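Engineer: Quick one: sequence and predicted model below, then my questions.
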Amino acid sequence: MSEFTKGVKQSDQALDGSNLRVLIIHARWNATVVDALVAGTRESLIERYNVKAENIEQRDVPGAYELPFAAQRLISQSQQQSSNLIANVTDTMNSLMDDIMESPSGQSGNKEGEASSAKVGKAGGPFDAVVCIGVLIKGATQHFEYISDSVSQGLMRVGLETGVPVIFGVLTCLTEEQALERAGLGPDKNNPGHNHGKDWGAAAVEMAMLKL
Ligand SMILES: Nc1c(NC[C@H](O)[C@H](O)[C@H](O)CO)[nH]c(=O)[nH]c1=O
Ligand SMILES: CC(=O)[C@@H](O)COP(=O)(O)O
């Protein structure tokens, strides 16, 4: 790929992802290439942008066609979990305040407050960005075209509707060689190609900062 066709990269000096929570969803088709792309994405997030490994959640789906549905559901669940957590914490605080106000000593002795706080539990919180990864390789029919178009439109829609940046990490290749080269697995060991997952990790952090 010539220098002129590469995306214009923003200076990433100021991008610190240490407080970000990122979801990676990948398809199970063409696993050799998908696995390399996932690894490239994780390497970019962790090593270049300081995203904590424990803040990266990873899920898989049968194929690329399932990526938009999974992204929409997992984003919604994380947002609902976050609002439930806030509600639980509010209940707990109110319960403790009631205790304190009613107690002559001004101390809380009511176990309810502890019971309520136990309800809070460990919550992951909402995702700041989602990277959806898949590899489509053209076959003998038009299946490729229909999936490619549906997935790209679907992922765009999920991002716009949820307000969470959804990174399009789906390779749409005419040959296996094209897919291998775009995962850094090309046959030329002196020039194995560029792992596009690294770009997707960078895009996730940049867009998450924009959302923030
Ligand atoms: N041919 C490829 C597929 N096909 C499967 C679909 O994505 C989908 O899982 C199925 O139609 C059931 O809904 N998926 C890929 O990810 N890559 C392909 O090359
Ligand atoms: C992207 C696809 O679905 C494709 O691999 C399926 O191959 P075919 O078009 O020969 O059925």
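Structural biologist: Structure received. Ligands and ions are numbered 1, 2, ... in the order given.
Engineer: quick one, what contacts the residue in the chain positioned nearest to ligand 1?
Structural biologist: Across the chain, the shortest distance to ligand 1 (Cβ to the nearest ligand atom) belongs to Gly63, at 2.3 Å. (Glycine included, C-beta is placed from N, CA and C.) Each residue near Gly63 by Cβ atoms under 8 Å, 6 or more residues apart in numbering is listed here: 27-29, 134, 147.
Engineer: Helix or strand with the lowest mean pLDDT in this protein?
Structural biologist: Sorted by mean pLDDT, DSSP states H and E, the helices and strands of the chain end with helix 111-120, the least confident at a mean of 44.
Engineer: next SSE after it?
Structural biologist: For helix 111-120, the succeeding helix or strand toward the C-terminus, using DSSP states H and E, is strand 129-137.
Engineer: Direction included, what does that following strand pair against?
Structural biologist: strand 22-27 (parallel), strand 166-173 (parallel) (DSSP bridges).
Engineer: would JSON lines of the ones you listed with distance to ligand 1, mean neighbour count and mean pLDDT be doable?
Structural biologist: What follows is these, written out as JSON lines (distance: least, Cβ to the nearest ligand atom, whole Å; neighbours: other Cβ atoms under 10 Å; pLDDT from 0 to 100):
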{"stretch": "strand 22-27", "distance to ligand 1": "4", "mean neighbour count": "25", "mean pLDDT": "98"}
{"stretch": "strand 166-173", "distance to ligand 1": "8", "mean neighbour count": "23", "mean pLDDT": "98"}
